[in-house]
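1. task: produce atomic coordinates for the following.
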Amino acid sequence: MSLTDSQKTTVSTWIADGKSLADVQGLLREEFSISMTYMDVRFLVDDLNIVFTEPEPEATKDVEAQAAEAPEPAEAQPAGVTIDVDAIPRPGALVNGSVVFSDGVKLGWQLSSTGQLGLIPGDDADYRPNPEDLQVFQDQLQEVLRQKGY
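-> From the prediction side, this is the model:
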């Protein structure tokens, strides 16, 4: 479906005013009686070369502001679990990376193409992270992979 020049200008104005794609979809239906799927609206915005950025939630802004104001700890201790994702996957892995557990031990991890998650032993082959760290690792990994589109 093609839009007139004035409709394209209106869509550009909506995006500039901070409307989400879902909002634009609804406004197209209400204002112009044009029914489009969410993906079609996304393609429309791309075709019009409109730079669209999702507005940042207020809660995230508040947390970031507090983090910026918080003083640095005197001595950096391992706090929690941190995950890194490698840019190039290992042979046989869909995605892989490294994890540092709360006790400071660093291990590799990989997710196979069949969905099997595995930890790659480090210097101490007998090391087993505590159950709480494993749960935090799995939760963080799920979120990181979701953000990366896996």
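2. avg pLDDT for the lengthiest helix in the chain?
-> In the chain, taking DSSP state H as the definition, the longest helix is helix 131-147. Regarding helix 131-147, the rounded mean pLDDT is 90.
3. that helix - contacts with which helices or strands?
-> Applying 3 or more CB pairs under 8 Å, 6 or more residues apart in numbering; DSSP states H and E, one finds that helix 131-147 contacts strand 82-85, strand 93-100, strand 106-112. The C-beta positions use only the backbone N, C-alpha and C, and glycine is treated the same way.
4. got the buried residues for that helix?
-> Using 16 or more other CB atoms under 10 Å as the test for burial, helix 131-147 gives 133, 136, 137, 141, 145.
5. list the contacts of that helix.
-> 80-81, 83, 85, 95, 99, 101-103, 109, 111, 117, 129 (CB atoms under 8 Å, 6 or more residues apart in numbering).
6. swap in 10 Å and give it another go.
-> Helix 131-147 has contacts (CB atoms under 10 Å, 6 or more residues apart in numbering) with 80-85, 94-95, 97, 99-103, 105, 107, 109, 111, 117, 119, 128-130, 150.
7. which of those residues are buried?
-> Buried among these (16+ other CB under 10 Å): 81, 83, 85, 95, 97, 99-102, 105, 107, 109, 111, 119, 129.
8. which residues in the protein form helices?
-> Using DSSP H, helices in the chain cover 5-16, 21-32, 38-47, 58-69, 131-147.
9. what mean pLDDT does the second one have?
-> In other words, helix 21-32. Here the average pLDDT along helix 21-32 is 90.
10. remind me what that helix packs against, helices and strands.
-> helix 5-16, helix 38-47 (3 or more CB pairs under 10 Å, 6 or more residues apart in numbering; DSSP states H and E).
11. so what are the domain limits for this protein?
-> The record's domain split for the chain, according to automatic domain parsing, is 5-47, 82-147.
12. that older thread, save the helices of the chain as a markdown table, and put in distance to residue 124 too.
-> Listed next are these as a markdown table, based on distance: least, CB to CB, whole Å:
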| stretch | distance to residue 124 |
| --- | --- |
| helix 5-16 | 53 |
| helix 21-32 | 49 |
| helix 38-47 | 48 |
| helix 58-69 | 33 |
| helix 131-147 | 15 |
